[in-house]
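quick one, structure for this:
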Amino acid sequence: MVQNVTLLGTGLMGSAFANLYLNHGVNVTVWNRTPGRCAPLVKKGAQEAASIGSALEASPLVLVVLLDYDVFKNVMSGNEHLIAGRDFVNFMTGSAKDATRLEAYIHAHGGHYLDAAIEAYPDDIGHESTLIHYSGAEDIWLRNEKLLKMPGAASRWIGDLVSAANVLDAAMAGAFYNTGIGAFLEAVDFAKKAGVGIEQLEGCLDYFLALLKTELTAVIKHHKSDDYRTDQATLSIYVAAVKSWRQTMLDSGHRASLFTANLHCMEVAVAEGRGDLGIAATHANHIKN
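You can find the predicted model right below:
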């Protein structure tokens, strides 16, 4: 296992990483663009690098926890010769294109690159259940796996495609998790305006969460097989029900914005001839006849 690690960026997440590694006896070198930000970590045993160059020279493993990709490129300017031979693991939030471009930049200067997406908050770092997705060259993951799983024991490498971590982050943390919270908040707002207390929603939350997990498991099965047939509710039946539910929301004066968007997606699928299939066919690239 690599015993030395360099951390670029000591904000909330960078500091959480540094504290974790220090607690596990790892030699940690830290660097921050703002002088003095590293002081609390230095008191705990970290070594503060006086420059980005000395930070890079301190370790063969560099964890990038800066604000964004542009900041990283700016601070690296003039120090590209120190990239060669080092493993860079990027924890900055960005797009799939950002990851691909940064990998090309690191490779062009002789370095090795792994992208990461942290599916947690700073307070979650170091917990057994914390998940971080890593994507890129498997050899980088394998030689640093023990250190990279310290921030979250549930972490995993998901493949050679360097953009995969960002794509999965956008899909699950963004399109699913974040929109799911928005949909629940929309439901809460509607129910309260219609005179139903939040306690009533709380009382059936566990039931619908279990129901959702069951349905999502079925959706995965349908998409794996490209077989969207069902002997339960078809898309056409869902559309009829959603129209009724949506009208109830509109009648109460609620905009029902997310609900309306979801209805639109299902109506498009029905218009494209998928009305007799299951709800998993709302978004489907390949349909078996």
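
switch to C-alpha atoms for all contacts and neighbour counts from now on
Will do.

mind listing what's buried along stretch 144-162?
By neighbour count with 16 or more other CA atoms under 10 Å, stretch 144-162 contains the buried residues 144-145, 147-153, 155-159, 161-162.

ends of it, how far apart?
Using CA to CA, to the nearest Å, the end-to-end distance of stretch 144-162 comes out at 16 Å.

roughly how far is it from the heart of the chain?
Distance of stretch 144-162 from the chain centroid (CA atoms, centre = their mean, to the nearest Å) equals 13 Å.

now stretch 171-183
10 Å.

in that stretch, which of the residues would be classed as buried?
For stretch 171-183, a neighbour-count test (16+ other CA under 10 Å) marks 173, 183 as buried.

and stretch 76-87, by the same measure?
For stretch 76-87, by 16+ other CA under 10 Å, it's 76, 80, 82, 83, 86, 87.

now do the strands in the stretch 1-150 of the chain.
Listed in chain order, the strands of the stretch 1-150 of the chain (DSSP state E, counting those that start in this stretch) span 4-8, 27-31, 47-48, 61-64, 87-90, 112-118, 132-136.

give me every residue that touches residue 140.
Contact analysis of residue 140 by CA atoms under 8 Å, 6 or more residues apart in numbering lists 87, 112, 113, 114.

is residue 277 located within a helix, as I assumed?
No - looking at residue 277 with DSSP: H, G, I helix; E, B strand; the rest coil, it is coil, so not inside a helix.

residues in contact with it?
By CA under 8 Å, 6+ apart, the neighbours of residue 277 are 228, 229, 230, 234, 235.

which of the buried residues of stretch 144-162 fall in helices?
144, 145, 147, 148, 149 (DSSP state H).

out of those, which is nearest to residue 57?
Residue 57 has its nearest neighbour among these in residue 144, at 17.6 Å by CA to CA.

ok, that closest one to residue 155 distance?
13 Å.

same question, residue 97
Distance from residue 97 to residue 155, by CA to CA: 23 Å.

and the chain, what are its domains?
Domain ranges of the chain: 4-166, 204-282, per automatic domain parsing.

out of these, which one sits most buried?
When the domains of the chain are scored by mean count of other CA atoms under 10 Å, the highest mean neighbour count falls to domain 4-166 (a mean of 19).

so for that one, mean pLDDT?
Taken as a whole, domain 4-166 has an average pLDDT of 96.

just stretch 260-267 next, same as before
The average of the pLDDT scores along stretch 260-267 is 97.

hey, C-alpha coordinates of the longest helix seen in the chain in PDB?
Secondary structure of the chain read by DSSP H shows that its longest helix is helix 205-225. Output of helix 205-225 as PDB, limited to C-alpha atoms (Å, rounded to 0.1, in the frame of the first residue of the first chain):
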ATOM      1  CA  LEU A 205     -43.500   6.500   3.600                       C
ATOM      2  CA  ASP A 206     -42.000   3.100   4.400                       C
ATOM      3  CA  TYR A 207     -44.700   1.400   2.400                       C
ATOM      4  CA  PHE A 208     -44.100   3.400  -0.700                       C
ATOM      5  CA  LEU A 209     -40.300   3.300  -0.400                       C
ATOM      6  CA  ALA A 210     -40.500  -0.600  -0.300                       C
ATOM      7  CA  LEU A 211     -42.900  -0.500  -3.300                       C
ATOM      8  CA  LEU A 212     -40.500   1.800  -5.200                       C
ATOM      9  CA  LYS A 213     -37.600  -0.600  -4.600                       C
ATOM     10  CA  THR A 214     -39.600  -3.500  -5.800                       C
ATOM     11  CA  GLU A 215     -40.700  -1.700  -9.000                       C
ATOM     12  CA  LEU A 216     -37.100  -0.400  -9.700                       C
ATOM     13  CA  THR A 217     -35.800  -3.900  -9.300                       C
ATOM     14  CA  ALA A 218     -38.300  -5.000 -11.900                       C
ATOM     15  CA  VAL A 219     -37.400  -2.100 -14.200                       C
ATOM     16  CA  ILE A 220     -33.700  -3.200 -14.100                       C
ATOM     17  CA  LYS A 221     -34.800  -6.800 -15.100                       C
ATOM     18  CA  HIS A 222     -36.800  -5.400 -18.000                       C
ATOM     19  CA  HIS A 223     -33.900  -3.300 -19.300                       C
ATOM     20  CA  LYS A 224     -31.400  -6.100 -18.900                       C
ATOM     21  CA  SER A 225     -33.600  -8.400 -21.000                       C
END
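
show residues contacting that helix.
Residues outside helix 205-225 that contact it (CA under 8 Å, 6+ apart) are 228, 279, 280, 284.

let's see it at 6 Å
228, 280 (CA atoms under 6 Å, 6 or more residues apart in numbering).
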